[in-house]
Structures are given as C-alpha cells and as structure tokens.
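1. Curious how this folds, go ahead:
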Amino acid sequence: MPNLIAIIITKFQDTRDKNHGGGIANQSYFLGRCCIIAVVAVIEDLYVWMNGGESVFSKWMEGWGIFPDDVRKMIDTVIGYFSAMWDRIKADFLFLVNFITAVFTGDWGTVIAMIKQAFVQF
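-> Numbering: from 1, shown residues only. Now for the predicted structure:
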C-alpha cells in the first residue's frame, strides 16, 4: 500500500509540473488517474486473494463467509453468460447477413424459409 501512495503522489506531481499548476481540468485528469490506479489495485488484490495469498479481501470477504471458490463460481457464471450472449449475437448477425444477401440476390425461397424460421423461434 505505501508503494501505491507513492505512485499516486508522484503522478500528481508530474501532472502539476506538466500543466503548470493546473486548474479544474488538471484535477479531473488527476482524479481519473487515481480511479484507474484504485481499480487496478483492487483487481490485483482480488487476484492475490483468489490464488491463496494474503490480501485485504481475505479478511473482509471471508469475514462475511465468502471464499475464493465462491467468487470463482460467480466469475465463471458471468463469463458463461456473456459467452452465450456473444454467441447469440453472432448467430443473429449471421442470420441477418444471410437474409439480406438472399433478398438482394432474389433467392425468394430462402427469404421465405428464413422468415418462417424467425417466426418459429419467436
């Protein structure tokens, strides 16, 4: 944690030096950088905790009865959900491309079959 504070102070000083004392825009830029650093620190700490290391998460989450295996299951569930959603988006986009191609090539038998398929899936 002391290294993180030193990095934040150094980055703040660099920002102030580059922008000649800065104003509101400089402070917004600094806060944005601090938020990014904080998010990275939280993700790193979570990663250490999930791999069996000592971290802030180990005391806090395990105090609530949440253990690394529980978090892994939640992450796997979320990844599975987004993976399935992405596969569905790709399938729908491919269907749309094939439909448009059939319309512009005049393949009306395929167009009618695709419309029937769309209503059956509905």
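2. Give the burial count for residue 49, as a bare number.
-> 21 (other C-beta atoms under 10 Å). All C-beta spots, glycine's among them, are computed from the backbone N, C-alpha and C.
3. ok, it - contacts?
-> Going by C-beta atoms under 8 Å, 6 or more residues apart in numbering, residue 49 touches 55-58, 61, 68.
4. Tell me which other helices or strands the longest helix seen in the chain touches.
-> If you go by DSSP state H, the chain has its longest helix at helix 68-105. On a contact count with 3 or more C-beta pairs under 8 Å, 6 or more residues apart in numbering; DSSP states H and E, helix 68-105 meets helix 24-50, helix 108-121.
5. Next, format those as a markdown table and append distance to residue 98.
-> Output for the helices and strands packed on helix 68-105, formatted as a markdown table (distance: least, C-beta to C-beta, whole Å):
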| stretch | distance to residue 98 |
| --- | --- |
| helix 24-50 | 40 |
| helix 108-121 | 7 |
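6. Mean pLDDT lowest where, among those?
-> By mean pLDDT, the lowest-scoring of those turns out to be helix 24-50, with a mean of 79.
7. Give the buried residues for the helix or strand just after that one.
-> On the C-terminal side of helix 24-50, the nearest following helix or strand under DSSP states H and E is helix 56-63. By 16 or more other C-beta atoms under 10 Å, the buried positions in helix 56-63 come out as 57-58, 61.
8. same deal with stretch 43-57?
-> So stretch 43-57, judged by 16+ other C-beta under 10 Å, has buried residues 45-46, 49-50, 55, 57.
9. Equivalent analysis for stretch 106-122, please.
-> Quick answer for stretch 106-122 (16+ other C-beta under 10 Å): 111, 114.
10. mind checking how far that stretch is from the chain centre?
-> Computed by C-alpha atoms, centre = their mean, to the nearest Å, the chain-centroid distance of stretch 106-122 equals 36 Å.
11. Can you pull out the residues in contact with it?
-> 95, 98-99, 102-103.
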